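Peer 1: what shape does this take:
(one chain, ligands or ions: 1)
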Amino acid sequence: MLRGRAALVTGSTSGIGLGIARALAAGGADVMLNGFGDPAEIERTRAGLAEECGTTVRFCAADVAKPAEITLLIAETARAFGGVDILVNNAGIQHVAPVEDFAPDRWDAIIAINLSANFHTIREALPHMKRRGWGRIINIASAHGIVASPYKAAYVAAKHGVVGLTKVVALETATTAITCNAICPGWVLTPLVQKQIDDLAREEGIAAAEAERRLLSEKQPSLAFVTPEQLGACAVFLCSEGAAQIRGAALAIDGGWTAQ
Ligand code: NAD
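Peer 2: Numbering: from 1, shown residues only. Predicted structure coming up:
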């Protein structure tokens, strides 16, 4: 279904981004990976994906906190694949602290990576989508784009911003074959969440399994983690013709978190 489409997934060296990149490549898309990590491990992932899916998979190490590097990332994707048809804004970080103790540099970093990067990639990718007359923009927001939790001021502000930005871009592209939507996952067991589980276990003096159970039972009625594979399947669906009139949606995939 996605053969001949050029996809860029930011923050795809791990976790959700890698799950989405894998699903898009399995669907036939050429994929530009992006993110940080051990170069040898990233190269293994890149080569493995290309081999497994029979598509072209490239990697660009751009830091999406830096608009100039986003310009290079979009240009590199367009140069490698002839365009940018699918943009998945996924790179993200977390920091947890009460608002009066929240380090200003952590606020700035979260807003830059989790929110402003989406603006810059969209701004630069849209002309490529318009040129080829088709596009899909998928922003990975969060349940925290819909509701809040304490101690996550920057993250919640950024993710609510992502949902707002998604709606604006969807309206501006409404009469075109380009759609823009947000996916709002609940808890997914990735390095970003593992760190929060480890912190909780340390602070409370409990085992990691107990911290995991507490994390889920506090927010996620299904008591099960969402998986990167489920989010990848949703992204592939959003790229299908069946999803052509889903525009400006914030799709909760959260085990019931935001239904409460
Ligand atoms: P992760 O830590 O496993 O992956 C984050 C990815 O972003 C990595 O590839 C990392 O290298 C990359 N990255 C970080 N800073 C970057 C930068 N400045 N430039 C380029 N790449 C950068 O995290 P994850 O849990 O897979 O999170 C992915 C996205 O999903 C984030 O936007 C996160 O907010 C969102 N999310 C995660 C959960 C969850 O429960 N894990 C829930 C809701 C939303």
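Peer 1: going forward, measure contacts between C-alpha atoms and count neighbours the same way
Peer 2: Will do.
Peer 1: which helices and strands does the longest strand belonging to the chain pack with?
Peer 2: The single longest strand within the chain, with elements called by DSSP state E, is strand 178-185. When contacts are defined as 3 or more C-alpha pairs under 8 Å, 6 or more residues apart in numbering; DSSP states H and E, strand 178-185 packs onto strand 135-140, helix 153-172, strand 250-253.
Peer 1: so which bits of the chain are right by the ligand?
Peer 2: 10-17, 35-37, 62-65, 90-93, 113-114, 140-142, 185-193 (C-alpha under 6 Å from any ligand atom).
Peer 1: which of these are buried, as a ChimeraX select command?
Peer 2: Selecting only the buried entries of the residues of the chain next to the ligand in ChimeraX, with 16 or more other C-alpha atoms under 10 Å as the criterion:
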select :10,11,12,13,14,15,16,17,35,62,63,64,65,90,91,92,113,114,140,141,142,185,186,187,188,189,192,193
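Peer 1: can you map out the helices along the stretch 1-150 of the chain?
Peer 2: For the stretch 1-150 of the chain, the helices defined by DSSP state H, counting those that start in this stretch cover 15-26, 39-53, 67-81, 104-110, 117-132.
Peer 1: what's the neighbour count on residue 130?
Peer 2: Per other C-alpha atoms under 10 Å, the neighbour tally for residue 130 reads 16.
Peer 1: pull the contacting residues for it.
Peer 2: residue 178 (C-alpha atoms under 8 Å, 6 or more residues apart in numbering).
Peer 1: can you start the count at 17 instead of 1 from here on
Peer 2: Yep, numbering from 17; the last one is residue 146 now.
Peer 1: hey, C-alpha coordinates of stretch 119-127 in PDB?
Peer 2: What follows is stretch 119-127, C-alpha atoms only, in PDB (Å, rounded to 0.1, in the frame of the first residue of the first chain):
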ATOM      1  CA  ALA A 119      14.500  23.400  35.900                       C
ATOM      2  CA  PRO A 120      14.100  26.100  33.200                       C
ATOM      3  CA  ASP A 121      16.500  24.400  30.800                       C
ATOM      4  CA  ARG A 122      14.400  21.200  31.000                       C
ATOM      5  CA  TRP A 123      11.300  23.300  30.200                       C
ATOM      6  CA  ASP A 124      13.100  24.800  27.100                       C
ATOM      7  CA  ALA A 125      14.300  21.400  25.900                       C
ATOM      8  CA  ILE A 126      10.900  19.800  26.200                       C
ATOM      9  CA  ILE A 127       9.200  22.600  24.400                       C
END
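Peer 1: how far is that stretch from where the chain is centred?
Peer 2: Taking the mean of its C-alpha atoms, stretch 119-127 sits 19 Å from the chain's own mean (C-alpha atoms, centre = their mean, to the nearest Å).
Peer 1: can you give me the end-to-end distance of stretch 19-32?
Peer 2: By C-alpha to C-alpha, to the nearest Å, the extent of stretch 19-32 from end to end equals 22 Å.
Peer 1: wait, I meant stretch 263-276
Peer 2: 24 Å.
Peer 1: next structured bit after the worst-scoring helix or strand of the chain on mean pLDDT?
Peer 2: The weakest-scoring helix or strand in the chain, judged by mean pLDDT, DSSP states H and E, is helix 207-220 (a mean of 93). Downstream of helix 207-220, the next assigned helix or strand under DSSP states H and E is helix 224-235.
Peer 1: against the ligand, how distant is residue 224?
Peer 2: Residue 224 sits 16 Å away from the ligand when distances are taken as C-alpha to the nearest ligand atom, to the nearest Å.
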